[in-house]
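Student: Take this sequence and fold it.
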Amino acid sequence: GGENPAPDPEPEPGVTTLIYAQISENGVDREWLDRFNREHEGEVQIEVRDYSQTSEGGQQGIDLLMTEIAAGKVPDIIELGTSGETTELPYQKLAKKGFLEDLWPYIENDMGLGRVGVIEAPLKAAEVDGGLYTVFGYFQLHTLTGAKAVVGDRTGWTVEDLLEAFETMPEGSVILETYEDYSVRQHLLSSFLYGFSDLFIDLESRQCYFDGELFRSILDLVKRIPDECWWHPYYASQEARKYEYRNRQMDGLVMLDDTRFTYFDNIRDADLCFGEATCIGYPVGDGSPGVYIEPSGIKLAMSSTCADKDAAWQYIRWLITPKPKEYAWGFPVNKKIHSRTRALAIREQRGIKLSDGRRFYDDPVTKEQCEYVTSLFDTNRSSILLDKEVRDIVLDTAGAYFAGDRDLEQTVQMLNDRVGLYLNEQM
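Tutor: Here you go, the predicted structure:
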């Protein structure tokens, strides 16, 4: 891909052509597309337009697509992106402006699905004003996890609670660290934005509240966490660092883990590291469990002006139906596949190969552990609602505060101004 989207070919008489806007490299399942086109020959054909690269005019493919949408040239099926916690396109904005079709009626009237056939929580969390404008096959769960003995047996807390719990930790402990190659501060601040941006930004009035007590306390917390973890040269590889990181958790020297749950057995691993783990959530103190959902894999939307909505749904529904070849991007949205995954986690022992070739078997996940994870699904927070541009503005502005180049007061005022300006230009 990468060339300018081609001019429209002459359609065959009697055949409807649906335009599929692709914006990420792996944003189309070619196998399914070819099968759909074969099965609907002479009636409906889907044609892919590649917006994943920069076009000749120097415009980013995505910028070009947004320009076309604003001019009323809206593709029939829109891929919203496959990577990262939010979408490449501003999903919430497109939905609010009426460019996208509400997909709940299609799910409800689908003989093979209906609301009973899906795990509703991740879809409900992706709603905009009560409508569901995208569908995805999988989801992941993000939360902060700690030892029950340290953080207690609860969900939801405040920054103040977190710092009080940290006081009880032994000398030389850290609140949070990572064995991976990323900035701990940026990663943690991003999590607060992905899950809880509605606490600092009111899209309706385009007002920002970064100068409120909550966001100030979040910036203060993030600044207390060392950005780079120091590792002894002995732990050169990421795998070696991971083992040492787990050991530090087991020794009670790392208070929290920024956990991404993709499978039920992640809870077993957390219990292994923390003795008994509590998914306590991000400290936002709004009375919620402080967890958020990340839709994963290909995310598709249908335009409200789609040339054949029923045919487009026949294509889109494939994301949430059982397939011969399952891609495991996280917890399945389809209830049948979900139940199968869960049953397998309870039955299956996990074999871990040791460096000397011997195998070591972990216990299967217990029914109670699965129920605990399932209870966390019930959140109305989804990372898909965050506009990528907003995240980038916040990380950029907060970076100077973390580096000591700007004080807290200047930072929160600048955030209000910069994000407020962006929202007023956009919506």
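Student: Low-confidence ranges, the stretch 251-400 of the chain, go.
Tutor: With pLDDT under 70 as the threshold, the stretch 251-400 of the chain has low-confidence stretches at 324-328, 348-362.
Student: quick one: the strands in it?
Tutor: Counting by DSSP state E, counting those that start in this stretch, the stretch 251-400 of the chain has strands at residues 254-261, 277-279, 292-302, 331-332, 350-353, 359-362.
Student: what's in contact with the second one?
Tutor: Applying CB atoms under 8 Å, 6 or more residues apart in numbering, the set of residues contacting strand 277-279 from outside is 143-148, 151-155, 259, 267, 270-271, 289, 291, 372, 376. Any C-beta I mention is one placed from the backbone N, CA and C, and that applies to glycine too.
Student: Select, out of the strands of the stretch 251-400 of the chain, the one closest to residue 340.
Tutor: Taking CB to CB as the criterion, strand 331-332 is the member of those that comes nearest to residue 340, at 8.3 Å.
Student: still on that earlier bit, would you convert the strands of the stretch 251-400 of the chain into a markdown table that also reports mean neighbour count and distance to residue 186?
Tutor: Listed next are the strands of the stretch 251-400 of the chain as a markdown table, based on neighbours: other CB atoms under 10 Å; distance: least, CB to CB, whole Å:
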| stretch | mean neighbour count | distance to residue 186 |
| --- | --- | --- |
| strand 254-261 | 22 | 12 |
| strand 277-279 | 24 | 22 |
| strand 292-302 | 26 | 17 |
| strand 331-332 | 24 | 26 |
| strand 350-353 | 10 | 31 |
| strand 359-362 | 10 | 32 |
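Student: excluding its backbone neighbours, what's nearest residue 189?
Tutor: Nearest non-adjacent residue to residue 189, counting by CB to CB, 6 or more residues apart in numbering: residue 222, 5.1 Å away.
Student: buried stuff in the helix or strand the one you found falls within?
Tutor: When elements are defined using DSSP states H and E, residue 222 is found to belong to helix 213-224. For helix 213-224, a neighbour-count test (16 or more other CB atoms under 10 Å) marks 214, 215, 216, 217, 218, 219, 221, 222, 223 as buried.
Student: mind checking which helix or strand the closest residue to residue 48 other than its chain neighbours is in?
Tutor: Distances taken as CB to CB, 6+ apart place residue 20 nearest to residue 48, at 4.8 Å, with adjacent residues excluded. Take DSSP H and E as the rule and residue 20 turns out to sit in strand 16-22.
Student: Next: residue 188.
Tutor: Using DSSP H and E, residue 188 sits in helix 184-196.
Student: How far away from the center of its chain is that helix?
Tutor: Between the mean C-alpha location of helix 184-196 and the chain-wide mean there is a distance of 12 Å, by CA atoms, centre = their mean, to the nearest Å.
Student: Next: stretch 67-80.
Tutor: Using CA atoms, centre = their mean, the mean C-alpha position of stretch 67-80 is found 23 Å from that of the whole chain.
Student: Then stretch 372-387?
Tutor: For stretch 372-387, the distance from its own C-alpha centre to the chain's C-alpha centre is 9 Å (CA atoms, centre = their mean).
Student: likewise stretch 133-140?
Tutor: Per CA atoms, centre = their mean, the displacement of stretch 133-140 from the mean C-alpha position of its chain is 9 Å.
Student: Report the buried residues of stretch 155-173.
Tutor: When burial is assessed from 16+ other CB under 10 Å, stretch 155-173 yields the following buried residues: 155, 156, 157, 159, 161, 162, 165, 166, 169.
Student: who touches that stretch?
Tutor: Contacts of stretch 155-173 from elsewhere in the structure, counted by CB under 8 Å, 6+ apart, are 146, 150-152, 175, 217-218, 220-221, 252-256, 278-281, 283-291, 376.
Student: how much space between the residue nearest to residue 152 when sequence neighbours are not counted and residue 145?
Tutor: Take residue 152 and drop its neighbours on the chain: the residue closest to it by CB to CB, 6+ apart is residue 278, 6.7 Å away. For residue 278, the distance to residue 145 equals 7 Å [CB to CB, to the nearest Å].
Student: Repeat that for residue 45.
Tutor: Taking CB to CB as the criterion, residue 45 is separated from residue 145 by 48 Å.
Student: Looking at these two, which is more packed in?
Tutor: In this comparison of residue 45 against residue 145, neighbours counted by other CB atoms under 10 Å, the higher total goes to residue 145 at 23 against 18.
Student: and the more buried one, what does it touch?
Tutor: Contacts for residue 145 were tallied using CB under 8 Å, 6+ apart; they are 256, 257, 259, 270, 274, 277, 278, 279, 280.
Student: between the residues you listed, which is closest to residue 41?
Tutor: Minimum separation from residue 41 among the contacts of residue 145 (CB to CB) is found for residue 259, which lies at 47.1 Å.
Student: Tell me which helix or strand the closest residue to the closest one other than its chain neighbours sits in.
Tutor: If the residues on either side of it in the chain are set aside, residue 259 comes closest to residue 145, at 4.4 Å by CB to CB, 6+ apart. In this assignment (DSSP H and E), residue 145 forms part of strand 135-147.
Student: Between strand 254-261 and that strand, find me the angle.
Tutor: Following axes from the mean of the first three to the mean of the last three CA atoms, to 10 degrees, one obtains 160 degrees for the angle between strand 135-147 and strand 254-261.
Student: In its sheet, which strands sit next to strand 135-147, and in what direction?
Tutor: Strand 135-147 has its sheet partners listed here by DSSP bridges as strand 254-261 (antiparallel), strand 277-279 (antiparallel), strand 292-302 (antiparallel), strand 331-332 (antiparallel).
Student: Could you point out which of those sits nearest residue 386?
Tutor: If you check each of these against residue 386 by CB to CB, strand 292-302 wins as the nearest, at 9.7 Å.
Student: and residue 98, how many residues sit next to it?
Tutor: 10.
Student: I'd guessed it sits against residue 304; true?
Tutor: Yes. The pair formed by residue 98 and residue 304 meets the contact definition of CB atoms under 8 Å, at 6.0 Å.
Student: Tell me the confidence at residue 82?
Tutor: At residue 82, the predicted lDDT confidence score is 78.
Student: what number of residues lie near the closest residue to it other than its chain neighbours?
Tutor: For residue 82, ignoring the flanking residues on the chain, the nearest one in space by CB to CB, 6+ apart is residue 24 at 4.6 Å. Residues contacting residue 24 under the criterion other CB under 10 Å number 20.
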